[in-house]
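Engineer: next come a sequence and a model predicted from it.
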Amino acid sequence: MPSASDLLDIALSAASAGAAVLAEAARDRDASSDGLGLRTKGASGDVVTEIDLRAERAIRAVLAEHRPDDEVSGEEYATTGGGSALRWSIDPLDGTSNFVRGLPHYGSSVAVQDVDSGVWLAGVVHAPELDHVYSAGSGLGAYRESGGIRRRLRGPATDATPVLLAVGFSYDPEQRARQLAELPTRMSAFTDLRSIGSAALGLCLVAEGSVDAFIETDLYEFDWAAGALIAEEAGLIVKRPATMRGGIVAHPPHLPVA
């Protein structure tokens, strides 16, 4: 079994390959989204572009080069491999709606799990337009590199103010209505609300202390796999769903989420 550090190096390379596709596409993107191959999948508002597909192919190519026998689960393509000790969970473009609308909060997410133990070993969220690379290895801490500066992430300060809750909303109208109905109770410990539009980055923002907690109740594993490990390695309490689809919560010990 390779070390968490070795796997993190591979995750960094894979996420960088995906982010390079996103960065090139962003330079060519126009307000009408022409050339993106935009289409809806499933619920209204749940969109996918040709860029999602290209970025996932780029990520998979790096993983195939370094770990050809590992299982790979991604958002846009079928799971490959199987029966291996390691499984990669990738989201080539988390925050597709942001990307399409010209908002900078999107990125490529890559994480790897020990299949037998269920432990997440390494995770990277690379947000090219923000120039942020968030990363973590199991037992190695969490970091953000930006503009050539790398800093350790330790979550929000206990005396941070205002106290910000970051949330995400489902594309499904019924789920979204329930999420909105729960907000008044959830807001009791917070002074303001943010919706980032990317679960991966929402978790990273808690890890770096820009917001104080993150919660979203309707996600797939590839949405949170890397961000959850980054948040955990920053010292946060992370509650992952028991299945491939469900909700996730990340908060510091001093600030429980209702």
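Structural biologist: Looks like it arrived, so ask away.
Engineer: shaky segments in the stretch 151-258 of the chain?
Structural biologist: Judged against pLDDT under 70, the stretch 151-258 of the chain has no low-scoring part.
Engineer: for it, just list every one of the strands.
Structural biologist: Here the stretch 151-258 of the chain has its strands, by DSSP state E, counting those that start in this stretch, at 164-167, 192-195, 213-220, 237-239, 245-251.
Engineer: list the contacts of the fourth one.
Structural biologist: Put plainly, it is strand 237-239. 203, 228, 231-232, 248-253 (Cβ atoms under 8 Å, 6 or more residues apart in numbering). In short, each C-beta sits where N, CA and C put it, glycine included.
Engineer: tell me which residues of it are tucked away?
Structural biologist: Buried residues in strand 237-239, counted by 16 or more other Cβ atoms under 10 Å: 237-238.
Engineer: mind putting the contacts of strand 237-239 in TSV, distance to Arg67 included?
Structural biologist: Shown next, in TSV, are the contacts of strand 237-239 (distance: Cβ to Cβ, whole Å):
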residue	distance to Arg67
Leu203	24
Ala228	21
Ala231	24
Glu232	23
Ile248	26
Val249	30
Ala250	27
His251	33
Pro252	34
Pro253	35
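Engineer: indicate which one of the strands of the stretch 151-258 of the chain is closest to Asp116.
Structural biologist: Closest approach to Asp116 among the strands of the stretch 151-258 of the chain is made by strand 237-239 (20.6 Å; Cβ to Cβ).
Engineer: neighbours of the residue nearest to Ile248 when sequence neighbours are not counted, how many?
Structural biologist: Computed as Cβ to Cβ, 6 or more residues apart in numbering, the closest residue to Ile248 that is not its neighbour in sequence is Trp224, at 4.7 Å. Look at Trp224: counted by other Cβ atoms under 10 Å, it has 31 neighbours.
Engineer: what is the helix or strand encompassing Asp91 packed up against?
Structural biologist: Here Asp91 sits within strand 86-94, counting by DSSP states H and E. With contacts taken as 3 or more Cβ pairs under 8 Å, 6 or more residues apart in numbering; DSSP states H and E, strand 86-94 sits against helix 4-28, helix 50-66, strand 71-74, strand 107-114, helix 199-208, helix 221-233.
Engineer: tell me which of the ones you listed sits nearest to Leu86.
Structural biologist: Leu86 lies closest to strand 107-114 among those, at 5.6 Å (Cβ to Cβ).
Engineer: next up, the contacts around Val21.
Structural biologist: Here Val21 is in contact with 51, 54-55, 58, 92 (Cβ under 8 Å, 6+ apart).
Engineer: can you pick out the most distant pair from the residues you listed?
Structural biologist: Most distant of the contacts of Val21, by Cβ to Cβ, are Ile51 and Ala58, 10.4 Å apart.
Engineer: show me which of these two is the more surrounded one.
Structural biologist: Ile51 (26 against 20).
Engineer: check what pLDDT that one gets.
Structural biologist: As predicted, Ile51 sits at a pLDDT of 92.
Engineer: repeat for Thr40
Structural biologist: Note on Thr40: pLDDT of 60.
Engineer: please begin residue numbering at 41 from this point
Structural biologist: In the new count, where the first residue is 41, that last one comes out as Thr80.
Engineer: still on that earlier bit, what's the closest of the contacts of Val61 to Trp160?
Structural biologist: For those, the minimum distance to Trp160 (Cβ to Cβ) is 18.5 Å, reached by Pro132.
Engineer: fine by me, thanks again.
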